[in-house]
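Engineer: Just a sequence and a predicted model for now, questions to come.
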Amino acid sequence: MLKEGLSLMFVALLWGGTNPLIKKNSKEILNVKADSRILQFILELKYLATNVRYLIPMALNQLGSVLYFLTLKNVDLTLSVPVANSLTFVFTALSGWILGEQLPRKNAIFGILLILVGTVLCCIDKYVNKVD
């Protein structure tokens with residue numbers, strides 16, 4: 001159970017830690033302009049495929065998705081979904097703040113604390129029910 005819990009936390013770290021980087025490193029796609037929709041799509045695809053600062057965080061994000069998929073075979077869905085998704089939000093807020101985004105407001109920090117408490121309660125509930 002500990003191994004799966006750590007795997008889910010690592011998934012959340014990969015997802016949440018890379019989300020602000022993906023956002024930051026793909027902002028200049030708005031400067032890509034073309035006359036037709038097809039050419040616009042091709043130029044945007046070329047921009048993303050050749051932007052290493054975008055590709056590395058995206059690859060790490062997708063690695064998190066693969067790890068999540070592999071972890072699902074050993075973890076109950078009612079535990080894996082809330083743990084991975086809620087902690088992803090926490091890691092996204094923290095990594096965004098580290099990268100210079102706006103400091104989370106008091107309500108967001110309170111929400112993060114509630115998420116952490118709820119996640120711990122879900123884990124405790126699943127562990128206690130599994131022991132019985």
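Structural biologist: Done, it's in.

Engineer: For Ser86, report the pLDDT, please.
Structural biologist: Looking at Ser86, its pLDDT stands at 85.

Engineer: Can you tell me how far Thr71 is from Gly118?
Structural biologist: 20 Å (C-beta to C-beta, to the nearest Å). For the C-beta atoms, the positions are set from N, CA and C on the backbone; glycine is no exception.

Engineer: Check which helices and strands the helix ranked longest in the chain sits against.
Structural biologist: If you go by DSSP state H, the chain has its longest helix at helix 106-131. Secondary-structure packing of helix 106-131 (3 or more C-beta pairs under 8 Å, 6 or more residues apart in numbering; DSSP states H and E): helix 77-98.

Engineer: So which elements touch the helix it packs on?
Structural biologist: The contact analysis (3+ C-beta pairs under 8 Å, 6+ apart) places helix 77-98 against helix 2-25, helix 52-72, helix 106-131.

Engineer: Adding mean neighbour count and mean pLDDT, write those helices out as CSV.
Structural biologist: Formatted as CSV, the helices and strands packed on helix 77-98 follow (neighbours: other C-beta atoms under 10 Å; pLDDT from 0 to 100):
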stretch, mean neighbour count, mean pLDDT
helix 2-25, 19, 91
helix 52-72, 15, 95
helix 106-131, 12, 80
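
Engineer: Contacts only, for the residue nearest in space to the middle of the chain.
Structural biologist: Nearest to the mean C-alpha position of the chain, by C-alpha atoms, centre = their mean, lies Trp15 at 2.4 Å. Contact analysis of Trp15 by C-beta atoms under 8 Å, 6 or more residues apart in numbering lists Asn61, Gly64, Ser65, Ala84, Thr88, Phe91, Thr92.

Engineer: nearest to Ser7, of those residues?
Structural biologist: Ala84 (9.2 Å; C-beta to C-beta).
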